[in-house]
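Q: My questions concern the predicted model and sequence given below.
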Amino acid sequence: MIVVVGIGLWSTRSSGPSTVPVGKKAPAFSLASSTGGTVSLSDYAGTNLLLYFNEGVGCDACFYQTAELEKRQAEFDEAGVSIAAIVVNPLDEIRPVLDRFGIATSYLIDEGADVSKAYGMLGKGMHADLPGHGFVLIDGTGRIRWEREYPSMYASAGEILSQIRPFLD
């Protein structure tokens, strides 16, 4: 499974103000998944998890980003990184877009935006009530190791991998 979270320049913090406290325990969550069932942060205990917060429906660039990550999923798997995308759209709105882009990656549904808010991701893009294009790396102990916001709304999978490798268990 791949979970994606925004990533940026070489450091443990974004180029702007930090959105999540690097080194702190990641906020717990339990969200409905586009692939069925519910997914919780605790499901990833012992695994590196890359969360990808994005604007969702209406932002094709966000889905192109996910498709790029999927193409390189084997490299993330080899690095021991699971990826999950988080959006605030309802499941019935997100499924047709995932089908249109041919995306199999799990999209976690944060309709109330509580998780996006807990991770400091709301209002980072063009809309105050939506996440921007941000990534958060959580290590196997549940600690936030790295975060990045990409205002350009795209980062290559290779760039993301190179940015997170120093923080992998």
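A: Structure's in. What do you need? Nothing here was measured: the structure is a model prediction, and the numbers come from that model.

Q: which element is the most centrally placed residue in the chain on?
A: Nearest to the geometric centre of the chain sits Y52, at 1.3 Å (Cα atoms, centre = their mean). Per DSSP states H and E: Y52 is located in strand 48-54.

Q: and what of H127?
A: Judged by DSSP H and E, H127 forms part of no helix or strand.

Q: Any idea how many residues pack against the residue nearest to it when sequence neighbours are not counted?
A: With sequence-adjacent residues excluded and distances taken as Cβ to Cβ, 6 or more residues apart in numbering, H127 is closest to E55, at 6.7 Å. All C-beta atoms are positioned from the backbone trio N, CA, C, and that covers glycine. Using other Cβ atoms under 10 Å, E55 has 22 neighbouring residues.

Q: swap in S40?
A: 12.

Q: Isn't it up against S33?
A: No - S40 is beyond contact range of S33, at 10.1 Å (criterion: Cβ atoms under 8 Å).

Q: what sits in contact with each of these two?
A: Jointly contacting S40 and S33 under the rule Cβ atoms under 8 Å, 6 or more residues apart in numbering is no residue at all.

Q: need the helices for the chain, in chain order.
A: 60-71, 73-78, 91-101, 114-118, 157-164 (DSSP state H).

Q: which residues touch the shortest one?
A: Just to be clear, that refers to helix 114-118. Here helix 114-118 makes contact (Cβ under 8 Å, 6+ apart) with 27, 29, 31, 53, 86, 88, 108, 110, 122, 130-131.

Q: now with 6 Å?
A: 27, 29, 53, 110, 122, 131 (Cβ atoms under 6 Å, 6 or more residues apart in numbering).

Q: So the residue nearest to H127 sits against F63, correct?
A: No - using Cβ atoms under 6 Å, E55 is not in contact with F63; the gap is 9.8 Å.

Q: Residue ranges in the protein under the pLDDT threshold?
A: Along the chain, the parts satisfying pLDDT under 70 run over 1-20, 125-126, 128, 169.

Q: Many thanks, I have nothing further to ask.
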